[in-house]
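[1] sequence isn't available, so here's the structure alone:
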C-alpha cells in the first residue's frame, strides 16, 4: 500500500474550509484520473524487459482501477482479479496438489513435472513507484482546476 501526500497551500486550505463538497469532488476526480494513469502505465509495460509477456492478452486486459470511499478515506486501487496475476508479480512455485504431476504443453509437446518455478515479473509495483510524482501532479492539478472554477 502506498500513501501519497500532497502539501496544501494557504489558498488550498481556505478552499477546503469554504468548499468541503467541491474539495471532496476534486479529490475523487483526481484519484480517478491518477489510477487510470497508473492502469495505463501498467498495461503499456507488458512485453517489455522483465515484465509479463503478452500471449493471449488476458492478464493485461484484466488490469482495472477504481476509487473507493469509506467514511472520510478515499483510496485508489489498481490490480487484477486473475488467479495467476499475483504469481506473475511476485514469482513463486506452483506444486501439483490433486495429482502427482502438473501437465501442460511446451512447443507442442506434453510435459509432466512436479513443480514449476515462476520468476517474479513485477508489473504493478514498478508502475506505481515510477508514477508517484505524476500521481501527485494529477491530483494537485485537478484540485487547482476546481479551485479556479469558483
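    Nice, I can see it. As the structure is a computational prediction, the values presented were derived from the model and not from experiment.
[2] every contact and neighbour count from this point should use C-alpha atoms.
    OK.
[3] how far away is residue 122 from residue 52?
    Residue 122 sits 8 Å away from residue 52, going by C-alpha to C-alpha, to the nearest Å.
[4] intersection of neighbour lists for those two?
    Counting by C-alpha atoms under 8 Å, 6 or more residues apart in numbering, the residues touching both residue 122 and residue 52 are residue 88.
[5] ranges for the helices of this protein?
    10-18, 20-45, 58-62, 85-90, 125-149 (DSSP state H).
[6] TSV for these, including distance to residue 74 and mean neighbour count?
    Shown next, in TSV, are those (distance: least, C-alpha to C-alpha, whole Å; neighbours: other C-alpha atoms under 10 Å):
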stretch	distance to residue 74	mean neighbour count
helix 10-18	16	13
helix 20-45	7	19
helix 58-62	23	15
helix 85-90	24	18
helix 125-149	12	16
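[7] those helices into a markdown table, with extra columns for mean pLDDT and distance to residue 105?
    A markdown table is the format used below for these (pLDDT from 0 to 100; distance: least, C-alpha to C-alpha, whole Å):
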| stretch | mean pLDDT | distance to residue 105 |
| --- | --- | --- |
| helix 10-18 | 88 | 59 |
| helix 20-45 | 96 | 27 |
| helix 58-62 | 97 | 19 |
| helix 85-90 | 96 | 19 |
| helix 125-149 | 94 | 30 |
